[in-house]
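In: Starting from these lines, generate the structure:
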Amino acid sequence: MRCGIKGLAVAALLLVWWGSALGADVAKIGVVDFQRVLKESRAGREAAEVLRTKQSERMAELGQMKTRIASLQSSVESLELSSTTREVSEKRKELETLLGEFKAADQKYSRLFAEINRRQTEKIRKELSGIIDRLGRKGGYLLIVEKKEVLYAPESMDMTDRLIGLYDEAYEKR
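Out: Here you go, the predicted structure:
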């Protein structure tokens with residue numbers, strides 16, 4: 001008789017547990033690939049184009065400096081063969097100055113591009129924040145995480161395409 005009561009108690013507990021498990025809400029979790037949003041959204045593509053344009057302008061400027069450096073180097077080499085030490089020394093000094101200017105300009109532009117990229121990325125992140133918040137609330141999501149921080153997630157959790165669509169719509173309305 002005791003076994004029967006224990007069995008009934010276990011069965012009742014299992015039924016209660018099973019019933020509550022079936023009635024429990026499933027936590028919705030979304031995953032967003034921010035790098036893809038940067039590459040594929042209209043705002044991300046425009047930001048990348050602005051950066052490419054600025055880089056092209058700066059590379060042209062650096063290219064002109066390289067041409068002047070090459071010309072000066074060949075001038076120094078030809079002077080070494082036929083001119084006085086003083087003339088060679090002056091040209092070398094001029095070359096060193098130009099090389100220093102080139103290196104400084106290159107570093108300056110690298111920092112500038114990194115800063116522009118950082119600012120544009122932050123701006124897009126801020127704009128996405130509100131959209132992600134609305135999407136999460138409206139869709140009943142418990143959590144939305146960035147893909148680069150996730151070790152595994154099924155493809156069905158990826159909401160990047162939907163986010164890009166919503167972001168492009170908001171971007172067009174500006």
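
In: tell me the strands in this structure, going along the chain?
Out: In the chain, strands defined by DSSP state E lie at 28-32, 141-146, listed in chain order.

In: Just the buried positions in the first one, please.
Out: Going back to what we said before, that points to strand 28-32. 30-32 (16 or more other CB atoms under 10 Å). Glycine gets a C-beta too; all of them are placed from N, C-alpha and C.

In: again with the last one
Out: By 16+ other CB under 10 Å, the buried positions in strand 141-146 come out as 141, 144.

In: before we move on, what about stretch 165-174?
Out: Of all the residues in stretch 165-174, those buried under the rule 16+ other CB under 10 Å are 166-168, 170.

In: Who are the contact partners of the residue nearest to the spatial centre of the chain?
Out: Centroid check for the chain by CA atoms, centre = their mean gives Q35 as the closest residue, at 5.1 Å. When contacts are counted by CB atoms under 8 Å, 6 or more residues apart in numbering, Q35 touches 147-148.

In: which stretches of the chain aren't confidently modelled?
Out: 1-25, 83 (pLDDT under 70).

In: Just give me the longest helix of it.
Out: For the chain, the longest helix by residue count, based on DSSP state H, is helix 85-139.

In: Setting aside sequence neighbours, what's the nearest residue to F102?
Out: M65 (4.8 Å; CB to CB, 6 or more residues apart in numbering).

In: got TSV for the buried residues of stretch 165-174, with distance to K126 too?
Out: Below are those laid out as TSV (distance: CB to CB, whole Å):
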residue	distance to K126
L166	15
Y167	12
D168	16
A170	12
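
In: From the residues you listed, pick the one nearest G100.
Out: Among the buried residues of stretch 165-174, Y167 lies closest to G100 (CB to CB), at 44.2 Å.

In: OK, contacts around that closest one?
Out: Y167 neighbours (CB under 8 Å, 6+ apart): 37, 41-43, 127-128, 131.

In: So how do I select the buried members of those residues in ChimeraX?
Out: Restricted to buried positions by 16+ other CB under 10 Å, the ChimeraX selection for these reads:
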select :37,41,43,127,128
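
In: nearest to R137, of the contacts of Y167?
Out: Closest to R137, out of all of the contacts of Y167 and judged by CB to CB, is I131, at 11.1 Å.

In: Go ahead and confirm that closest one touches L163.
Out: Yes: counting by CB atoms under 8 Å, L163 is a contact partner of I131 at 6.6 Å.

In: circling back to that earlier point, reformat the strands of the chain as JSON lines; add distance to E96.
Out: Output for the strands of the chain, formatted as JSON lines (distance: least, CB to CB, whole Å):
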{"stretch": "strand 28-32", "distance to E96": "50"}
{"stretch": "strand 141-146", "distance to E96": "47"}
